[in-house]
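Visitor: build me a model:
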Amino acid sequence: MPPAAEPVTIPIGDARQVSGLLLAPAGARSCFVLAHGAGAGMRHPFLEQVASGLAQRGIASLRYQFPYMEQGGRRPDPPGLAQATVRAAVATAGRLLPGLPLIAGGKSFGGRMSSQEEAASALPSVAGLAFLGFPLHQPGRPSLQRAQHLQEVGLPMLFLQGTRDRLAEIQLLEMVVRQLGERATLHILQYADHSFAVPARSGRSGAEVMQEMLDAFTAWADQVEAARPATARRP
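Guide: The predicted structure is shown next:
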């Protein structure tokens, strides 16, 4: 049984702060700094399941709110503020879990804001980026524009993507991953949509998809840690 999540406060500069939830099992090997998607906050059941499942696998997580969600708004923050929040959350995770390798990213919008901030300026102690449904384009409007900044990211990247995701045609995402080369790993979840739900006729359950996703994340995160220089690893 993993420990209960601990509420934390994440300062963003001198004038703002947001809430976070730290779930850190004993002996954690890494920490996922986990941002929510555009339409639901850090307490959404999907993110609760991700955090709990990772804790059972020895990976800590720090979930956090973007300012608009903290204030009960519906419209996502401007990119500059959202990306500053990502950096603040990473800094908080580094302070609370010193020496532990960090993975930044998250669900949809939160993952994209994390990669944009990393592309602009390296996030301290972050060893890789993980996307739970990268929002490559608007539904029904295929485009590669949202992936252009990924060329500026030098870290390992993991894309966990469903075949029924209307925000990322798999063929286009496969093209993006090929262009990124060895930095990028794509794990395709059959029949899953952008919320990782699957239709009953698929013969799969949401629990099975979640287990596959968490297993893929854990295996990749452990590979990222093993590939880090010995001098960068936690004693």
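Visitor: when you work out contacts or count neighbours from here on, use the C-alpha atoms and nothing else.
Guide: Fine.
Visitor: where in the chain is pLDDT low?
Guide: 1-2, 229-235 (pLDDT under 70).
Visitor: please enumerate the strands of it.
Guide: 6-12, 16-23, 30-35, 59-64, 102-107, 126-132, 157-162, 184-189 (DSSP state E).
Visitor: and the angle from the second one to strand 30-35?
Guide: Interaxial angle, strand 16-23 versus strand 30-35 (axes from the mean of the first three to the mean of the last three C-alpha atoms, to 10 degrees): 140 degrees.
Visitor: what's in contact with strand 16-23?
Guide: Here strand 16-23 makes contact (C-alpha atoms under 8 Å, 6 or more residues apart in numbering) with 3-12, 42, 51-52, 55, 60-67, 70.
Visitor: just the fifth one next, same as before
Guide: Residues from elsewhere that reach strand 102-107, judged by C-alpha under 8 Å, 6+ apart: 30-37, 90, 93-94, 111-115, 125-134, 221.
Visitor: may I have that strand as PDB, with CA atoms only?
Guide: What follows is strand 102-107 as a C-alpha-only set of coordinates in PDB (Å, rounded to 0.1, in the frame of the first residue of the first chain):
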ATOM      1  CA  LEU A 102      13.100  13.900 -12.200                       C
ATOM      2  CA  ILE A 103      10.900  13.100 -15.200                       C
ATOM      3  CA  ALA A 104       8.800  16.100 -16.300                       C
ATOM      4  CA  GLY A 105       5.600  16.000 -18.400                       C
ATOM      5  CA  GLY A 106       2.000  15.000 -17.900                       C
ATOM      6  CA  LYS A 107      -1.300  14.700 -19.500                       C
END
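Visitor: just the angle between that strand and strand 59-64, please?
Guide: 50 degrees.
Visitor: what angle sits between strand 102-107 and strand 126-132?
Guide: Using the same axes, to 10 degrees: strand 102-107 against strand 126-132 is 20 degrees.
Visitor: please work out which of the strands of the chain is packed deepest.
Guide: Comparing the strands of the chain by mean neighbour count (mean count of other C-alpha atoms under 10 Å), strand 30-35 ranks first with a mean of 30.
Visitor: contacts for that one next, please.
Guide: 24, 42, 58-66, 86, 89-90, 93, 100-107, 110-111, 114, 221, 225.
Visitor: what helices or strands is the lengthiest helix in the chain leaning on?
Guide: The helix that spans the most residues within the chain, counting by DSSP state H, is helix 206-227. Packing partners of helix 206-227 (3 or more C-alpha pairs under 8 Å, 6 or more residues apart in numbering; DSSP states H and E): helix 45-56, strand 126-132, strand 157-162, strand 184-189.
Visitor: tell me which of those sits nearest to E169.
Guide: Comparison of the helices and strands packed on helix 206-227 against E169 by C-alpha to C-alpha identifies strand 157-162 as nearest, at 9.3 Å.
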